[in-house]
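1. Provided below for reference: sequence and predicted model.
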Amino acid sequence: MKRPGLLIVLAIVVIVGFLGCSGYNGLVTQDESVKKAWNNVQTEYQNRSDLVGNLVATVKGAANFEQKTLTDVVEARAKATSVSVNVKADNLTPEKIAQFQAAQGQLSGSLSRLLATVEAYPQLKATENFTKLQGQLEGIENGIKNSRKIFNDEINVYNTKVRSFPMNILGGLFGFKQKEGFKADAGAEKAPEVKF
């Protein structure tokens, strides 16, 4: 009589242990997917940062180009690069994501001003090298948007798994916490006003 009860308890322990290991491994797998997606985001931003150096060098060759515009781009690039180095995939706090996003936004803004200023320099716009770099920059910006979307998708899957029962209990025991993804820039909910 005692044997069947012991076997049932042992079977329940084995099943719970198996489910626990499977759940833990699922959390680890999803956490690694988030880290990979984050690394892809950083790679796209690094591609842009690398291209900005070539773009600035090409623009410097134009006579009488506004030095302040170039200086702003170079400073924004340096800040974005230093912030990127300090934001690691295993420590994606909301504050660090916001800091990263702000630095990259500053670089985006200075690049937009640079490209707008270039409009006043037809000889620069006609340069084949500048045209190629501008095209590459547009492609990289699209890559950044795509990488950010994929990262947010991975964050969503991870957070859903971490918050779902019984993984929320198991995840809490092993230190798995919700992660923060990218959010829209402040004021992005307002449509831009176009005036002619």
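-> Structure received. Numbers count the residues shown, from 1 in each chain.
2. ok, longest helix in the protein?
-> helix 2-60 (DSSP state H).
3. and that one, how far from the chain's centre?
-> Centroid separation between helix 2-60 and its chain, computed with CA atoms, centre = their mean, to the nearest Å, is 15 Å.
4. so what's the residue most central in space within the chain up against?
-> Of all residues in the chain, the one closest to the mean position by CA atoms, centre = their mean is V41, 4.1 Å from it. By CB atoms under 8 Å, 6 or more residues apart in numbering, the residues touching V41 are 144, 147-148, 151. For the C-beta atoms, the positions are set from N, CA and C on the backbone; glycine is no exception.
5. need the contact list for R163.
-> Here R163 is in contact with Q178 (CB under 8 Å, 6+ apart).
6. now it: how far from K96?
-> Distance of R163 to K96, computed by CB to CB, to the nearest Å: 21 Å.
7. next one: K161
-> Taken as CB to CB, the span from K161 to K96 is 22 Å.
8. of the two, who's got more company?
-> Higher neighbour count among K161 and K96: K161, with 18 against 15, using other CB atoms under 10 Å.
9. would you mind listing the buried residues in the helix or strand where the more buried one lies?
-> Assessed by DSSP states H and E, K161 sits inside helix 128-163. Within helix 128-163, the residues that qualify as buried by neighbour count (16 or more other CB atoms under 10 Å) are 130, 133-134, 137, 140, 143-144, 147-148, 150-151, 154-155, 158-159, 161-162.
10. which residues does the closest residue to N168 other than its chain neighbours contact?
-> Excluding the flanking residues, the one nearest N168 by CB to CB, 6 or more residues apart in numbering is V162, at 6.6 Å. By CB under 8 Å, 6+ apart, the contact set of V162 is 27, 168, 171, 176-178.
11. most neighbours among these, which one is it?
-> That'd be G171 among the contacts of V162, by other CB under 10 Å, with 22 neighbours.
12. any idea how far the nearest residue to it once chain neighbours are set aside lies from G172?
-> Distance criterion CB to CB, 6+ apart; nearest residue to G171, sequence neighbours excluded, is V162 at 4.7 Å. Distance check for V162 against G172: by CB to CB, it reads 9 Å.
13. quick check: Q101 vs L70, distance?
-> Distance of Q101 to L70, given as CB to CB: 24 Å.
14. and the pLDDT at the closest residue to N40 other than its chain neighbours?
-> With sequence-adjacent residues excluded and distances taken as CB to CB, 6+ apart, N40 is closest to S147, at 4.9 Å. Reading off the confidence values, S147 has pLDDT 87.
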